[in-house]
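S.K.: Have a look at this prediction, sequence included:
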Amino acid sequence: MFGVVRVALRFFVIGFVAGTLFAPRAGAETRAMLVEKLTTIANQLLELAALPPIEPSRAASNGGEAPRPRRARGAPGPSARETP
């Protein structure tokens, strides 16, 4: 049973790669389309895992890290102790 699934998956991947390589559009356009689709899939997986999404513009500059929220000047931080 698992052998059949493994063979089917292998041929699917080979077909996908061959179809991508011999596609009738320019390489840059194909790569842009793949990046867009892979980003969408990654964001869907992160959404399922309840993690913040990857923004393509940020991913190129800082690895997709979300910006840290800034607190107002003079406001206590999350670990500040309150005085009684």
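M.R.: Here it is on my side, so go on.

S.K.: any weak-confidence spans in the protein?
M.R.: In the predicted model, the chain carries pLDDT under 70 at residues 51-84.

S.K.: helices or strands up against the longest helix anywhere in it?
M.R.: Looking only at the chain and at elements set by DSSP state H, the helix with the highest residue count is helix 27-48. Other elements packing on helix 27-48 under the criterion 3 or more C-beta pairs under 8 Å, 6 or more residues apart in numbering; DSSP states H and E are helix 56-62. All C-beta spots, glycine's among them, are computed from the backbone N, C-alpha and C.

S.K.: and Phe11, how far is that from Ala18?
M.R.: Applying C-beta to C-beta, to the nearest Å, one obtains 10 Å for the distance of Phe11 from Ala18.

S.K.: now swap in Leu34 and tell me
M.R.: Taken as C-beta to C-beta, the spacing of Leu34 relative to Ala18 amounts to 14 Å.

S.K.: Any buried residues in stretch 12-24, and which?
M.R.: For stretch 12-24, a neighbour-count test (16 or more other C-beta atoms under 10 Å) marks nothing as buried.

S.K.: Show residues contacting that stretch.
M.R.: Applying C-beta atoms under 8 Å, 6 or more residues apart in numbering, the set of residues contacting stretch 12-24 from outside is 30, 34.

S.K.: cutoff 10 Å now
M.R.: Applying C-beta atoms under 10 Å, 6 or more residues apart in numbering, the contact partners of stretch 12-24 are 27, 29-31, 33-34.

S.K.: nearest to Ala42, of these?
M.R.: Nearest to Ala42 among the contacts of stretch 12-24 is Leu34, at 12.1 Å by C-beta to C-beta.

S.K.: Which of the helices or strands spans the residue nearest to the closest one when sequence neighbours are not counted?
M.R.: Counting by C-beta to C-beta, 6 or more residues apart in numbering, the nearest residue to Leu34 once its immediate chain neighbours are dropped is Thr20, at 7.2 Å. With elements taken from DSSP states H and E, the one containing Thr20 is helix 2-21.

S.K.: Dump that helix to PDB, keeping only the CA atoms.
M.R.: Listed in PDB are the C-alpha atoms of helix 2-21, where the atom choice follows Å, rounded to 0.1, in the frame of the first residue of the first chain:
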ATOM      1  CA  PHE A   2       2.700   2.500   1.000                       C
ATOM      2  CA  GLY A   3       4.800   1.400  -2.000                       C
ATOM      3  CA  VAL A   4       2.000   2.400  -4.300                       C
ATOM      4  CA  VAL A   5       1.700   5.800  -2.600                       C
ATOM      5  CA  ARG A   6       5.400   6.300  -2.700                       C
ATOM      6  CA  VAL A   7       5.600   5.500  -6.500                       C
ATOM      7  CA  ALA A   8       2.600   7.800  -7.200                       C
ATOM      8  CA  LEU A   9       4.200  10.700  -5.200                       C
ATOM      9  CA  ARG A  10       7.500  10.100  -7.000                       C
ATOM     10  CA  PHE A  11       5.900  10.300 -10.400                       C
ATOM     11  CA  PHE A  12       3.900  13.400  -9.400                       C
ATOM     12  CA  VAL A  13       7.000  15.200  -8.400                       C
ATOM     13  CA  ILE A  14       8.800  14.200 -11.600                       C
ATOM     14  CA  GLY A  15       5.800  15.300 -13.700                       C
ATOM     15  CA  PHE A  16       5.600  18.600 -11.800                       C
ATOM     16  CA  VAL A  17       9.300  19.300 -12.300                       C
ATOM     17  CA  ALA A  18       9.200  18.400 -16.000                       C
ATOM     18  CA  GLY A  19       6.100  20.500 -16.500                       C
ATOM     19  CA  THR A  20       7.700  23.500 -14.800                       C
ATOM     20  CA  LEU A  21      10.900  23.100 -16.800                       C
END
